[in-house]
Each structure stands twice: as C-alpha cells, then as structure tokens.
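Undergrad: Fold the stuff below for me.
(chains A and B)
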Amino acid sequence: MYTTWYEDIRADTGQIVSSRVRLARNLQDYHFPRKITREQARELVAQAQEAAHAASGQTGRLDYTDVAALPDIMKVAMLERHIISAEMLHRSVCGLLATGDGSLAIMINEEDHIRIQSFGTGDGIDAAFETAERTDNALEQVLDYAFSKELGYLTSCPSNTGTGLRASFMLHLPLLERNNQIRNILSALTKFGMTIRGVFGEGSESLGSCYQISNQVTLGKSEQEIIESLKNITAQICEKEHSLLHKALERERHDILDNVYRSHALLGSCRRIGAKEAMSLLSNVRLGFAADILDMPRPNKSLLSIMMNIRDANIQIMCSCNSTEPKDVCRANYLRSVFGSI
Amino acid sequence: MLCDKCKTNQASVRMQQYLNGKKTEMNICHECAYSDETVSLDNFFQGLMGSLLANSVKDTQFVPIGKPGSAINEPECPLCTMTYSEFKERGRLGCGVCYTTFRRQLSSILNSIQTNSEHKGKIPLRSGAKLNVEREIAKLAKELKILVEMEEFEKAAALRDELRGLQNSLKPQRPLEPEQPQGGDDDVHNVV
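TA: Numbers count the residues shown, from 1 in each chain, chains lettered A, B, ... in the order given. A predicted model of the protein is given here:
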C-alpha cells in the first residue's frame, strides 16, 4: 500500500509513467481570479469547501489545505510534485482539496476558480477521467458553473474554454530524446491540436527524459474524442520509442547495459550529487527496469516518486529535520538510502 | 495599466493638472475622474471627447490613453470593467461576461487556437438539463432522418415517439389546462 499515488511501482513499467486529467471550471456568480476581490475569493473558497463536503459521498474524503498560508518552501515542494500550479505560489487566497493519496486534488482560486485534477500511474487515463468527471458532477449539484451553450465551460484563458479539459500522459522517452526526435514530435503533434513539453526542469530544459503530451484544443471536440486522440497519438510515440530501444539493444547492448548498471551503482554510492545529474541517472535506471535489462532489486517506491523527492524544495524539507548539510549532500544521502548502503 | 488612484480599475484617461505653472500627470479610471473634487463633470466630458477639446480646459485636462480616442472607445466589460487591452496584456479574462463583451476579438483568437468554435463536450447536468435535452433531440432528429432515408419506418416511428416525448418535456407544464393537440410544429409528424 502506498501513501501517495505516485509511489506505486506500476509507474516504472513501459513508457507511460502516469496519466493526468484536469477540468477547469468557474462559478457564474464571481469574477474570474484575475478580477476577483479578496472578499469574493474567501467566499469562493468557503463555497467550494462546502460543495466538496457535500460531494464526499462520490469523491471520498477531501482534506483542505490553505495553500496561501503555507511557508514558501512548502508551496514550492507541492509545485515540484505537480500538486499545485505556479499560479498559486503568489495568490493571497487559494486552497487545495485533496484525497489522502493525492490522486484527486482540487485547486481553488487558481487561474480558474476550480481545477479538478485526477492522477493515475501508467496508462490509467480512463480511470482518471472517470474520477474527475464524477467529482465534477458532484460539485455541480451545489455550484453554478459559468457555462455557455456555444462556448462550453467559460475559463479565464480562452485556450481552455469548451470542455476545460487538459488530458495528459507523462512519458519516459530516453531513446527519442537521444535521437533528437522530440522537436519532430512537437511539430507533428501541433497539427493534431496537441503538444509535448518537458516535465521536470525549467524553460526548455527537460530532466530525466520525462515528457508530458497533452491536448491543446478544448473547444469543438468532446471529452471522449480528445482522450481517444491523445491515446492514439501516445501509442504511436510509445511504439516509436520501443522500436528505437529494440534497435539500440541489438546494436549497442553492452554500452546500454554498462550505462544502466553504472547509473545504478552511482546512485547507490554517491556522496554529493546535483539534481540534474541525479535525474539523468534515475532515467537510466528507469530504462533498465522498464526494459527488463537491470537485474537489481527494485526500490520499494516508484522512480517517479524518487524523481519528485530529490527536487530542491522536497529534498530540503526531507533533510531539514536532521541535517544542516548542503542540498547536494542531502540528495546523495537519500539516494544511497534507496539504492545502496549508507 | 491600472488606475494610479484606486489601483484596481483599468486607467482610461490621463489627467494633467497645472498648479502654479507646474504640470502633474496621473493615469486614472473613469470612476476616480468622476470623484475628483477638483474636476467638474463638464470639463471631464469635454476631456473625454478628445484631446483637442481637452486642450481648451485650462486647469485640468483629460487626454485619452494610447492612440487618440482609442482608450475611451475601447469596450469595457460591464460586469468586471476589464478592457480588451488589459486582456491582451495579461492573457486572462475577468469574468464570464467578458466572452460576450469581447466576442468579436475573441472569435479570431478562438479560431486560431481551437479547431471549431462550437462546444461539443459535456453540459452541466443540473443547470444545463434543458440544453442536454435539446442536444439529445438534435441527435435523435438526425438519426430519424437516416432511418427514413433507409425506409426503416417501424424503427423511425419508435424514434419519433421518443423524440416527441423529449420535445414535450421541454414545453412549459400547464396542468390546469387540457393537453394541447400537437401538429404542424415539427417535421416528425409527417415521417410515417
């Protein structure tokens, strides 16, 4: 049993690391967050909490966190885990309603009044959508959404209007990345109303060869059409990655094995390591486990959760209780505890 | 650009004041301009009519912000006071009414980023119950047309009855009056 959804080791199988669905909704009686007053925002948060309480029969228990009141480092740590968005870092009134394992999280007064997020490991996007929709239906029994027959759910940014749906897969694509194919994928995806971007890292930097592929078009297609298109395109990308791996293992098996085993050994014995290098090593190890070429004991939690744990704010929080060591040393200590002997 | 006085609304005019030969300037919104005790309504309106007229006001002048006349002619959302310039600057709308206020401008944006400008997805179950029925009626009507073209009259008749039921459910309920005879108001009657 895992404490959070992303610790599940099923995230380490195949190219699809995880699935995510997000529904953007606004209430018709309030200005959108760009224009909302502090007083209105407080009312909105209270109303959303009440609605969530009423919906708990369908959603399970949702605990409220007053995100605005948290210390900055806690907010950044949540951002690193993709539980909240960068938009919420500087909001004076905002909150999060989430299930205990974090697989369902509702951001309140973010870019939109309500953003329902549902997560799952692997290719569980249908289950994630089902959860998000069930939650949406339950909240809507109490809340009056801003909706137009012509434009659908009205959102702060017109790029989300319509379904308000952003469906995405997190993919691990080390071979496509090594073969400089990500840019080509991006230009192909754009034609289908989709996009790809790095999951970890800032700007154009992508750490750990993890990419998010998601729909950009939200208007003029149904939710099912959007998800089916995403699944079809993703299957093709995964097939391409698989084929490149197969060829690479035929041509340079020893090099790949050497790289995977060296990475595992380094993670188990490092004494000081930066986030960038650690992400690269973790990516190699993930490839080893996913391709079944690394004959070593698996960590008891997913590599996805380890990738999240070693990010700056998270490692700082994890180590601050018992250490005054620099972050890179704390990161190495943590990684040794997972992969090797202390 | 936000109003220099209230820091909340979008500034729409530049107020220029001359005191002892010294010129001061503030970018303010219509509301703050109205509430300024040093300004009479007359010269405020004169100012809004354009910079030429504004120049004739001696102590306080109002000059539209941006291109001559652009700011005062720019539509402003009646609910949240957002202007289109503000939206372009921030990329976020202020409320649901903004979609109606800026319909023309947003339509070109939506056409460029979305594949279609008409919503085909989910409709809220409770508040959109009527819309859901209307959508179902449109769907059944299409199916009915196909069945008739295929001369599947038995199935078409069943579908017509279903369609009729849905159409009736949209009509206002008048329990005290006898049921009105139907006819002539839809194409379904003439199908079989």
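
Undergrad: okay, CA-based contacts and neighbour counts for the rest of this
TA: Will do.

Undergrad: Just say helix, strand or coil for the residue lying closest to residue A:110 once chain neighbours are set aside.
TA: Nearest residue to residue A:110, sequence neighbours excluded (C-alpha to C-alpha, 6 or more residues apart in numbering or on different chains): residue A:88, at 5.7 Å. Secondary structure state of residue A:88, per DSSP: H, G, I helix; E, B strand; the rest coil, is helix.

Undergrad: lowest-confidence helix or strand of chain B?
TA: Across the helices and strands of chain B, mean pLDDT, DSSP states H and E gives its lowest value to helix B:51-55, namely a mean of 37.

Undergrad: related to what we said a few turns ago, ok, now which ones touch the residue nearest to residue A:110?
TA: A:67-68, A:94, A:110 (C-alpha atoms under 8 Å, 6 or more residues apart in numbering or on different chains).

Undergrad: again, only using 10 Å
TA: Neighbour list for residue A:88: A:67-68, A:75-76, A:79, A:94-96, A:107-111 [criterion: C-alpha atoms under 10 Å, 6 or more residues apart in numbering or on different chains].

Undergrad: now swap in residue A:282 and tell me
TA: A:207-209, A:260, A:263-264, A:267, A:276, A:288, A:303-304, A:306-307, A:335.

Undergrad: so of the residues you listed, which ones are in helices?
TA: Counted as lying in helices by DSSP state H, out of these, are A:260, A:263-264, A:267, A:276, A:288, A:303-304, A:306-307, A:335.

Undergrad: Going by proximity to chain B, name the top residue of the stretch 201-342 of chain A.
TA: Going by C-alpha to the nearest C-alpha, chain B is nearest to residue A:222 of the stretch 201-342 of chain A, at 3.9 Å.

Undergrad: That residue contacts residue A:165, doesn't it?
TA: Yes. Between residue A:222 and residue A:165 there is a contact under C-alpha atoms under 10 Å: 9.5 Å.

Undergrad: so what sits against both of those two?
TA: What both residue A:222 and residue A:165 touch, as defined by C-alpha under 10 Å, 6+ apart, is the set residue B:121.

Undergrad: between those two, which one's more packed in?
TA: Using other C-alpha atoms under 10 Å in any protein chain shown as the criterion, residue A:222 and residue A:165 rank with residue A:165 on top: 30 against 17.

Undergrad: buried ones in the biggest helix by length in chain B?
TA: For chain B, the longest helix by residue count, based on DSSP H, is helix B:129-149. Of the residues in helix B:129-149, B:131-133, B:137, B:140-141, B:144, B:147-148 count as buried by neighbour count, 16 or more other C-alpha atoms under 10 Å in any protein chain shown.

Undergrad: Can the helix or strand harbouring residue B:110 be said to contact chain A?
TA: Element membership for residue B:110 (DSSP states H and E) is helix B:103-113. Yes. Against chain A, helix B:103-113 shows contacts by C-alpha under 10 Å from any C-alpha of the partner chain at B:106-107, B:109-113.

Undergrad: center of chain A - which residue?
TA: residue A:82 (4.9 Å; C-alpha atoms, centre = their mean).

Undergrad: how much space is there between that residue and chain B?
TA: In this structure, residue A:82 and chain B are 22 Å apart, going by C-alpha to the nearest C-alpha, to the nearest Å.

Undergrad: can you pull the pLDDT of that residue?
TA: Listed pLDDT for residue A:82 reads 91.

Undergrad: Residue B:18 too?
TA: For residue B:18, pLDDT reads 63.

Undergrad: Residue B:3 too?
TA: For residue B:3, the predicted pLDDT is 79.

Undergrad: wait, isn't it in contact with residue B:12?
TA: Yes. Applying C-alpha under 10 Å as the test, residue B:3 and residue B:12 come out as touching, 7.8 Å apart.

Undergrad: between those two, who's got more neighbours?
TA: residue B:12 (27 against 21).

Undergrad: Look up how far residue A:309 lies from the residue lying closest to that one once chain neighbours are set aside.
TA: Take residue B:12 and drop its neighbours on the chain: the residue closest to it by C-alpha to C-alpha, 6+ apart is residue B:29, 5.0 Å away. Note on residue B:29: its distance to residue A:309, by C-alpha to C-alpha, to the nearest Å, is 48 Å.

Undergrad: From the rest of the structure, what touches the helix or strand of chain A with the lowest mean pLDDT?
TA: Every helix and strand of chain A was ranked by mean pLDDT, DSSP H and E. The lowest is helix A:312-320, at a mean of 87. Contact partners of helix A:312-320, identified using C-alpha under 10 Å, 6+ apart, comprise A:72-81, A:274-275, A:308-310, A:323-334.
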